[in-house]
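1. Just the structure for this:
(chains A and B, ligands or ions: 2)
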Amino acid sequence: MSARGPTVASAPAIRTHGLRKEYGRTVAVAGVDLEVEPGQVVGLLGPNGAGKTTLIKMLLGLVRPTAGEAFVLGRPVSDWRVRGRIGFLPEHFRFQDWLTGREFLEAHGRLYGLPAQERRERAQELLEMLGLARHAERPLREFSKGMLQRVGLAQALLCRPELVFLDEPTSGLDPLGRLLVRDVLRQLRAGGTTVFLNSHLLSEVELTCDWVAFMRRGQLVRAGPLAQLLSGAVEVQVRAQPREPETQIDWGEFGDAWPQGDGGWRLRLASEEQVPDVVEKLVAQGVRVYAVEPRRLSLEELFLQVMEGEEAG
Amino acid sequence: MRRVLFLAWLTLQEVGRRRLLWIGLALGAVYLAVYAWGFRAAFGECLGERPRSEEMARAMALGLAMAGLYGVNFLVVMLSVLASVDTLSGEIASGSIQTIVAKPLRRWEVVLGKWLAFFLLVLSLVAALGGGVLGITWGWSGYWPHNVPEGLALLVLEGAVLISLSLAGGARLSTLSNGVLIFMLFGVAFLGSWVEQFGALMHNESAVQIGILTSLILPTEALWRRASYLMQPPDTTFAASPFGALSVPSSAMVVYALLYGAAALALAFRAFNGRDL
Ligand SMILES: Nc1ncnc2c1ncn2[C@@H]1O[C@H](COP(=O)(O)OP(=O)(O)O)[C@@H](O)[C@H]1O
Ligand SMILES: [Mg+2]
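-> Ligands and ions are numbered 1, 2, ... in the order given. The predicted model follows:
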């Protein structure tokens, strides 16, 4: 399926066409068409093995596609120079662990080709930003999983990237660390950086992303602006009573309502726009309406709905 | 180029972090100490027993020096393979290569950086151990072999060929398969070289041909043979010995080894370039 974010005049930050990766007989990514506009924070969601990591790796030139094409920041992914404008935090971040946090960042600054002065300043800035300044002179082997994840994130931001790939950025982080990541994402968005993150932590994505794509078995099964996806379906709690107790309420075109006991029903509507229609219909039947509470689906519910829907289909 | 040098520096640091280098250095130091002691003992005895014969002393010093360099040759082979066999496959397996390759650089720069680091290692190893053996020989006996720069350069070339091969393997294979493969090739070439020597001794032309052909599989042992031949005076022949020169690899073999090393390095670039990380 094709997925498009809101259109902006400049070149898309990411564009793929029929992108596919097979490992032997395993199809890791099965033809993905994706277009991400600059400045968006995109969350790629999907169960383990959906192909999220493989998709990111293809966008970084780490993995060669079996078929299809991919462009980042307007350049083909095979162009090594474009990676000077891209940051990347791998899923299982590991590095030469005898380096101290600061040495590690400066080493990677060198690989980005940053001049010495800028390298030092940027390393210091990021150590502070990610709350690692106190540990800057300790070797990475003494770092906890959460601290490693932070220094990895700092590494991804060294070149003031225009596009950042974060593969499971909050894995191994405590709630405080997650808060910090959220804060970093907010800063990146404010600075106009495009962020593409993989996660299975749905609540994280719900809080931070503008745009969401669901991936399953190598395919994008649904994608769109988060607000739009979530506004699609609403669940309504209705408390109502027919004037005569023995009459049934006719829900008509709104389908089945689940009785909740003591005069409550739960109703799933395609959109919030239908809520007044429901009320109108009830009132027309002479039903006494005590409460109508629309509730948006959480991302988690949407996720389950999408994944189950695909399962059935 | 600055990136390549930096990657080389990073690799050297990595090597320095591992115990292998220090075990290697300790081994080298012990080796030189044993050589110095053995040389003095053997040489002193030889001179003490008989009336001083200049010719005898020279032959003795030459034999000991060649034996000493043969040991250095082995250390160079072992260390150049052991140090480099894990560098690509290990970083691929641990995933630490990903953050490097996702930077604005070409993949061959990573391979070249590593190659350079190990080449420097081999260079210093040959200089330290080879220089040590020759220095000790000269110190005790005043003997200095022929064509020392050429001989030592061939040992360096031997290490360089092995590094290229082990990087090519490491770009595709696991550390273990790579190591097994290289030592198997080395073993075949080693045996082939002995077949060649015995063939020459027995005047068996086909055995000589077989030996030369196996040298083509991996020309390392042939390089050592040529090095030891060059460093001996033209009139000496140690018959069938590790530094025997009954059948001497020609300078064409040196050219072949250079091409072999270059091809292996090109293969390493290619293999790493096409690899999913
Ligand atoms: N190097 C590889 N070799 C073989 N199969 C792989 C490799 N990498 C990933 N896969 C397979 O591809 C599929 C997608 O994996 P991945 O992209 O890691 O998923 P996700 O990140 O969504 O969990 C999985 O079935 C996985 O087993
Ligand atoms: Mg993954």
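2. got a pLDDT number for the residue nearest in space to the middle of chain A?
-> The residue lying closest to the centre of chain A (CA atoms, centre = their mean) is A:G43, at 1.4 Å. Predicted confidence (pLDDT) at A:G43: the value is 93.
3. in chain B, which helix or strand is least confident?
-> helix B:19-49 (a mean of 83; mean pLDDT, DSSP states H and E).
4. State the distance from B:G179 to chain A.
-> Distance of B:G179 to chain A, given as CB to the nearest CB, to the nearest Å: 22 Å. C-beta coordinates here come from the backbone N, C-alpha and C atoms, glycine included.
5. what about the residue lying closest to that residue once chain neighbours are set aside, neighbour count?
-> Leaving out its chain neighbours, the residue that sits closest to B:G179 by CB to CB, 6 or more residues apart in numbering or on different chains is B:V85, at 4.7 Å. Using other CB atoms under 10 Å in any protein chain shown, B:V85 is surrounded by 26 other residues.
6. Give me the local confidence score for B:V85.
-> The model's pLDDT for B:V85 equals 92.
7. Please apply the same query to B:P242.
-> pLDDT, read off for B:P242, is 60.
8. which residue lies farthest from the center of chain A?
-> Furthest out from the centre of chain A (CA atoms, centre = their mean) sits A:E244, at 49.4 Å.
9. which SS class is that one?
-> With DSSP: H, G, I helix; E, B strand; the rest coil as the basis, A:E244 sits in coil.
10. List the contacts of the residue nearest to the centre of chain A.
-> A:L197, A:N198, A:S199, A:E204, A:V205, A:T208, A:C209, A:W211, A:V212, A:A213, A:L226 (CB atoms under 8 Å, 6 or more residues apart in numbering or on different chains).
11. Name the residues linked to it by a beta bridge.
-> The partner list for A:G43 in beta bridges (DSSP bridges) reads A:L197, A:V212.
12. Helices of chain A, start to end?
-> Secondary structure of chain A (DSSP state H): helices located at A:52-59, A:101-111, A:116-129, A:145-157, A:175-190, A:202-208, A:226-232, A:275-284, A:299-312.
13. of those, which approaches B:W115 most closely?
-> helix A:101-111 (17.6 Å; CB to CB).
14. Please list the residues of chain B that sit near ligand 1.
-> Contacts of chain B with ligand 1, taken as CB under 6 Å from any ligand atom, map to B:D276.
15. any idea how far the residue nearest to the centre of chain A lies from A:H200?
-> As for A:G43, its distance to A:H200 is 10 Å (criterion: CB to CB, to the nearest Å).
16. separation between the residue nearest to B:R106 when sequence neighbours are not counted and ligand 1?
-> Among residues not flanking B:R106 along the chain, A:W80 sits closest, at 5.3 Å (CB to CB, 6+ apart). Here the criterion is CB to the nearest ligand atom, to the nearest Å. By it, A:W80 lies 21 Å from ligand 1.
17. Go ahead and confirm A:W80 touches B:P104.
-> Yes - counting by CB atoms under 8 Å, A:W80 does reach B:P104; the two are 5.8 Å apart.
18. Check which residues of the least confident helix or strand of chain B are buried.
-> B:L21, B:G24, B:G28, B:Y31, B:L32, B:Y35, B:A36, B:F39, B:A42, B:F43, B:C46 (16 or more other CB atoms under 10 Å in any protein chain shown).
19. For A:S10, grab the count of nearby residues.
-> A:S10, neighbours per other CB under 10 Å, totals 10.
20. Look up how far ligand 2 lies from it.
-> 29 Å (CB to the ion, to the nearest Å).
21. for B:I217, what are its contacts?
-> B:L185, B:V188, B:A189, B:G192.
22. buried subset of those?
-> B:L185, B:A189, B:G192.
23. can you tell me which of the residues you listed lies nearest to B:M253?
-> Checking the buried ones among the contacts of B:I217 one by one against B:M253 (CB to CB), the nearest turns out to be B:A189, at 11.5 Å.
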